[in-house]
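S.K.: predicted coordinates and the sequence they were generated for:
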Amino acid sequence: MTWSDGFGRTARKLRLSVTDRCDLRCVYCMPERPVWLPRAEVLSFEELVRLAGVAAANGVRQVRVTGGEPLLRKDLPKLVGMLKALKGLEEVTLTTNGTRLAQLAGPLKEAGLDRVTVSLDSLDPATYKAMARTGDVSETLAGMDAAETAGLGPLKVNCVVMRGVNDGQVGDLAAWARRTGRNLRFIEFMPLEGDKIWSKSLLVPASEIAAAVAARFPCIERSAEPGATALRYDYADGGGSFGIVASVTRAFCESCDRIRVTADGTFRTCLFAEHGTDLRGPLRSGASDADLAALMSGAVAQKGPGHLIGLPGFHRPDRAMNAIGG
Ligand code: SAM
Ligand code: SF4
């Protein structure tokens, strides 16, 4: 059994958000003064694993644990171990800001984590702090080293590019990734931030990001791989490749195979869905696996063709990125 929508797409990847809380306050994500979900509304490990298990029994093959900052959730390696024990899942991965990876990389690896993506918007301490509104880049860098030492490499690195903030550092980041062997993916700034600062003038389109890298290291765009979410560019000197997630200017909606469960148990079939389907209520009032599967497959069947960012019909989702799960 699999869950498919009216546009021929099948759900294969689940983004499982384990908290809306975070130790950073990235300007493109969190509101400056966040109001956290009440603790009682956040799903327990058992509830999260139950939903992931229903998804795995219906064709989902990868779970990416995310948030908010997932490493703030107590005993996260335990959750990873519980997810790894699910039948049908091929991969359990994690997206983190890396600030707590130095302590947790070893336990996460031992629990069976397959891969980790670390977010890093700048190598410059002042720019890092300006984008995260707090924090210390050295913690994230130490977290990356620890992840590699623990055997979680090769690392993927996510970097959101904002005009006038870190766009002048794209070449330096590419140089660093080439030197360290990390798989860098630049991300276009999407209108999902809590403080509603997004505008086209802050967006650096993929074409411009690619040109900035190419000015330092000549590169060519690879032909698109089916189902890929990132555009890929190969360095002409054989020094590897980098990616750009061009969700705004070259959206990949037509091949999207993702579904999401938020930390409070809302099922969403798109990052930009205006609302979601409540699973927490049914979960806590005795729904069977078949009932939960019916709710999720019904929502997938209703999935729209894609988002309309920048167009007149676009409406923001009802919550910010940290409360959806990136
Ligand atoms: N806290 C973790 C982290 O930062 O990696 C995981 C959650 S975060 C919401 C997941 C990813 O979403 C990060 O790589 C972050 O940079 C990205 N992100 C957040 N808000 C975004 C936005 N408005 N546009 C593009 N990417 C965004
Ligand atoms: Fe926290 Fe990640 Fe959002 Fe930054 S992008 S505020 S690290 S959840």
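M.R.: Arrived safely, thanks for sending. Quick caveat: nothing in here was measured; it's all calculated off a predicted structure. Ligands and ions are numbered 1, 2, ... in the order given.
S.K.: for the stretch 51-200 of the chain, list the residues in contact with ligand 2, please.
M.R.: If contact is defined as CB under 6 Å from any ligand atom, the residues of the stretch 51-200 of the chain in contact with ligand 2 are 67-69, 97, 119. In short, each C-beta sits where N, CA and C put it, glycine included.
S.K.: any chance of those residues in a markdown table, plus pLDDT?
M.R.: Supplementary listing: those in a markdown table, determined by pLDDT from 0 to 100:
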| residue | pLDDT |
| --- | --- |
| 67 | 95 |
| 68 | 96 |
| 69 | 98 |
| 97 | 98 |
| 119 | 98 |
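S.K.: tell me the residue of this structure that sits nearest ligand 1?
M.R.: residue 326 (2.6 Å; CB to the nearest ligand atom).
S.K.: where does residue 26 land in three-state SS?
M.R.: At residue 26, secondary structure determined by DSSP: H, G, I helix; E, B strand; the rest coil is coil.
S.K.: how many residues are close by it?
M.R.: One way to gauge burial is a neighbour count; for residue 26, by other CB atoms under 10 Å, it gives 21.
S.K.: residue 301 too?
M.R.: Other residues within reach of residue 301 by the criterion other CB under 10 Å amount to 12.
S.K.: what sits against the nearest residue to it once chain neighbours are set aside?
M.R.: Counting by CB to CB, 6 or more residues apart in numbering, residue 5 is the residue found nearest to residue 301 once chain neighbours are left out, at 5.9 Å. Residues in contact with residue 5, defined by CB atoms under 8 Å, 6 or more residues apart in numbering, are 269, 300-303.
S.K.: just send those back as JSON lines, with secondary structure, distance to ligand 2 and pLDDT too.
M.R.: Rendered in JSON lines, the data for those read as follows (DSSP: H, G, I helix; E, B strand; the rest coil; distance: CB to the nearest ligand atom, whole Å; pLDDT from 0 to 100):
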{"residue": "269", "secondary structure": "coil", "distance to ligand 2": "21", "pLDDT": "94"}
{"residue": "300", "secondary structure": "helix", "distance to ligand 2": "25", "pLDDT": "97"}
{"residue": "301", "secondary structure": "helix", "distance to ligand 2": "30", "pLDDT": "95"}
{"residue": "302", "secondary structure": "coil", "distance to ligand 2": "27", "pLDDT": "93"}
{"residue": "303", "secondary structure": "coil", "distance to ligand 2": "24", "pLDDT": "92"}
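S.K.: just flag the most distant two among those.
M.R.: When the contacts of residue 5 are compared pair by pair using CB to CB, the farthest-apart members prove to be 269 and 301, with a separation of 9.3 Å.
S.K.: so which of the residues of the stretch 51-200 of the chain next to ligand 2 are in helices?
M.R.: Counting by DSSP state H, no part of those is found in helices.
S.K.: just curious, which of those residues is nearest to residue 40?
M.R.: Comparing every one of those with residue 40 (CB to CB), the shortest separation belongs to residue 68, at 16.6 Å.
S.K.: returning to what we had before: how about TSV for the residues of the stretch 51-200 of the chain next to ligand 2, with neighbour count added?
M.R.: Putting those into TSV (neighbours: other CB atoms under 10 Å) gives the following:
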residue	neighbour count
67	29
68	30
69	22
97	27
119	22
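S.K.: stretch 187-196 close to ligand 1?
M.R.: Yes - part of stretch 187-196 sits close enough to ligand 1 to count as contact by CB under 6 Å from any ligand atom, namely 187, 189-190, 192-193.
S.K.: and stretch 16-35, by the same measure?
M.R.: Yes - with CB under 6 Å from any ligand atom as the threshold, stretch 16-35 lies in contact with ligand 1, specifically through 22, 28-29.
S.K.: for that stretch, which positions count as buried?
M.R.: By neighbour count on 16 or more other CB atoms under 10 Å, the buried set for stretch 16-35 is 16-22, 24-30, 34.
S.K.: greatest separation within those: which pair is it?
M.R.: Put simply, by CB to CB the two of those set farthest apart are 16 and 27, 25.1 Å from each other.
S.K.: which residues of this structure lie near ligand 1?
M.R.: 22, 28-29, 66-67, 69, 95-97, 119, 158, 160, 187, 189-190, 192-193, 321-322, 326.
S.K.: so which helix or strand takes in residue 81?
M.R.: helix 76-84 (DSSP states H and E).
S.K.: show me what that helix is packed up against.
M.R.: Here helix 76-84 touches helix 45-56, strand 62-66, strand 91-96, helix 101-111, going by 3 or more CB pairs under 8 Å, 6 or more residues apart in numbering; DSSP states H and E.
S.K.: that helix to helix 45-56, inter-axis angle?
M.R.: On the basis of axes from the mean of the first three to the mean of the last three CA atoms, to 10 degrees, helix 76-84 is oriented at 30 degrees to helix 45-56.
S.K.: CA atoms of helix 76-84 as PDB?
M.R.: Backbone C-alpha positions of helix 76-84 (Å, rounded to 0.1, in the frame of the first residue of the first chain) are rendered in PDB as follows:
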ATOM      1  CA  LEU A  76      16.700  12.200  21.100                       C
ATOM      2  CA  PRO A  77      19.100   9.200  20.400                       C
ATOM      3  CA  LYS A  78      16.400   7.000  22.000                       C
ATOM      4  CA  LEU A  79      13.900   8.200  19.500                       C
ATOM      5  CA  VAL A  80      16.300   7.500  16.700                       C
ATOM      6  CA  GLY A  81      16.700   4.000  17.900                       C
ATOM      7  CA  MET A  82      12.900   3.500  18.100                       C
ATOM      8  CA  LEU A  83      12.600   4.800  14.500                       C
ATOM      9  CA  LYS A  84      15.400   2.600  13.300                       C
END
